[in-house]
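Participant: sequence and computational prediction follow.
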Amino acid sequence: MYLRIRGASALAFLLLLFFFAGTCFALPEYPQKPSSSSTAQINSNSVLVALLDSHYSELAELVEKALLLQSLEEAVGRHNITIFAPRNDAVDRDLDPDFKRYLLEPGNLKSLQKLLLFHVIPTRVGSDEWPTHTASTRHQTLSQDHLHLSRLASGEKAVDLARVIHPDSVTRPDGVIHAIERLLIPRSVEDDFNRRRSLRSITAVKPEGAPEVDPRTNRLKKPAPPTKPGSSPVLPIYDALAPGPSLAPAPAPGPGGPHHHFNGHAQVKDFIQTLLHYGGYNEMADILVNLTSLATEMGRLVSEGYVLTVLAPNDEAMAKLTTDQLSEPGAPEQIMYYHLIPEYQTEESMYNAVRRFGKVSYETLRLPNKVVAQEADGSVKFGQGDGSAYLFDPDIYTDGRISVQGIDGVLFPAEEVESKSETKKVQPAKIVARPRRGKLMEVACRMLSAVGQNSRFTTCQ
């Protein structure tokens, strides 16, 4: 009895030992993943390698851009595949440019991947396995959509709406490639594209761009203010630029009256503040505001629609003015009037004018005097002779109504410059004192003159 129990126990022990041994040998097989085995099966004879090296370069390029190489390698490792490859012209030229741009946008990567996987069936379908005229087969693609394989009335093979132009174009042990005439587009991708396009076309409010800065004045470009119905149009800054006095005259004055269309006083205040911030033109600003009432007059002119170009002498030039030149009644006003041109001119327009015409005369507010401008040393020179000045700081302020150009001298009319030069040249006449003759010499000379002999003596002449 004891021996039978012992033998039974030994038998049970041996069976348990074999069970655990089989379990231990089987355990390492479970952690293996299909992807590791599939990667090992990819070789140079794979249909995927053939696709990348084939003449279907447009499709191969899209596959690389869509980052689908890894997914296709795993699919090839699991089973045979069938690829429907459109010809290059169908992708490059026949495709809608907007749709192609939509597919290549980074945000639409999922749509591009779905479209490309729509051309791959995870089974091998050769040309001899194509359905007959009376039937069509339905296959699921790697994009989880379905394709219908059929035959046309002419006997040609077709995939959905695309005709197969070269069956079995590439055959490999793990798959086959059929050439088709056009790109296959899933309905979901087409609907998404149409939805995006319709939303873009019905967008009501377009985003505003960044504010623009005028490089000349370093100030923000302000849009044209709204005008009342019937008022004269307010031209943008660059539309009001005149290339020269003879090429394009300044805009005509606007209507006057109590309801002005231009806030001239604010514009004059703005350009005087610009002079102060620019630096080097404090004397000019002081004369306009404190010594004269020119700032108020300029504001009134601009409000009535006139335009002005100010030739502003810098502080070094203003320091050369003498007390006599400024002490006469009305002298500061007359000097400043000669620096105000009733036209809108910029550095570019004046330089183009002097380059074309040689010398250009500009009217000033000091009638009837004019300022003569000419080209000199690659710049614009105003005046002539000693009273000339060069354009030193161009376009200090330009707003379409007032233009400020910095010059390095104070200008005077030609008559004043000539009178000053003549005054400098006049020298007092030298009075030569003749030597005084004595009484005896006078009597002798008188006696000689009586007989006509005084001409022989220099002393008696």
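Facilitator: Yep, that arrived.

Participant: switch to C-alpha atoms for all contacts and neighbour counts from now on
Facilitator: Fine.

Participant: wait, a helix at A135?
Facilitator: No - counting by DSSP: H, G, I helix; E, B strand; the rest coil, A135 is not found in a helix; it is coil.

Participant: switch to numbering from 24
Facilitator: Fine by me, first position is 24 from now on; the one you just mentioned is A158.

Participant: correct me, but it touches L175?
Facilitator: No - counting by C-alpha atoms under 8 Å, A158 stays clear of L175, with 10.8 Å between them.

Participant: find me whatever residue is spatially closest to P365, sequence neighbours aside.
Facilitator: Once flanking residues are discounted, P365 sits nearest to L331: 4.7 Å by C-alpha to C-alpha, 6 or more residues apart in numbering.

Participant: neighbours around the one you found, how many?
Facilitator: By other C-alpha atoms under 10 Å, 22 other residues sit near L331.

Participant: ok, it to D422 distance?
Facilitator: To D422, L331 is 11 Å away according to C-alpha to C-alpha, to the nearest Å.

Participant: can you check H156 too?
Facilitator: On the measure of C-alpha to C-alpha, H156 and D422 end up 78 Å apart.

Participant: okay, and the helix or strand of this structure with the least pLDDT?
Facilitator: Every helix and strand of the chain was ranked by mean pLDDT, DSSP states H and E. The lowest is helix 57-64, at a mean of 43.

Participant: name the next helix or strand downstream of that one, please.
Facilitator: Under the assignment DSSP states H and E, the closest C-terminal helix or strand after helix 57-64 is helix 70-76.

Participant: what are the buried residues along that following helix?
Facilitator: 70-71, 73-75 (16 or more other C-alpha atoms under 10 Å).

Participant: ok, now stretch 380-399?
Facilitator: For stretch 380-399, burial by neighbour count (16+ other C-alpha under 10 Å) applies to 383, 385-389, 392-398.

Participant: got those residues as JSON lines, with secondary structure and distance to G410 columns?
Facilitator: Output for the buried residues of stretch 380-399, formatted as JSON lines (DSSP: H, G, I helix; E, B strand; the rest coil; distance: C-alpha to C-alpha, whole Å):
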{"residue": "V383", "secondary structure": "strand", "distance to G410": "17"}
{"residue": "Y385", "secondary structure": "strand", "distance to G410": "16"}
{"residue": "E386", "secondary structure": "strand", "distance to G410": "18"}
{"residue": "T387", "secondary structure": "coil", "distance to G410": "16"}
{"residue": "L388", "secondary structure": "coil", "distance to G410": "19"}
{"residue": "R389", "secondary structure": "coil", "distance to G410": "17"}
{"residue": "N392", "secondary structure": "coil", "distance to G410": "14"}
{"residue": "K393", "secondary structure": "strand", "distance to G410": "14"}
{"residue": "V394", "secondary structure": "strand", "distance to G410": "11"}
{"residue": "V395", "secondary structure": "strand", "distance to G410": "11"}
{"residue": "A396", "secondary structure": "strand", "distance to G410": "12"}
{"residue": "Q397", "secondary structure": "strand", "distance to G410": "14"}
{"residue": "E398", "secondary structure": "strand", "distance to G410": "16"}
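
Participant: any chance of the residues you listed in a markdown table, plus pLDDT and distance to Q93?
Facilitator: What follows is these, written out as a markdown table (pLDDT from 0 to 100; distance: C-alpha to C-alpha, whole Å):
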| residue | pLDDT | distance to Q93 |
| --- | --- | --- |
| V383 | 91 | 75 |
| Y385 | 92 | 77 |
| E386 | 91 | 79 |
| T387 | 91 | 80 |
| L388 | 88 | 81 |
| R389 | 86 | 84 |
| N392 | 88 | 85 |
| K393 | 90 | 82 |
| V394 | 92 | 79 |
| V395 | 93 | 78 |
| A396 | 94 | 75 |
| Q397 | 92 | 74 |
| E398 | 91 | 71 |
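
Participant: which among those residues gets closest to S134?
Facilitator: Nearest to S134, judged by C-alpha to C-alpha, of these is E398 at 64.0 Å.

Participant: no further queries at this time; thank you.
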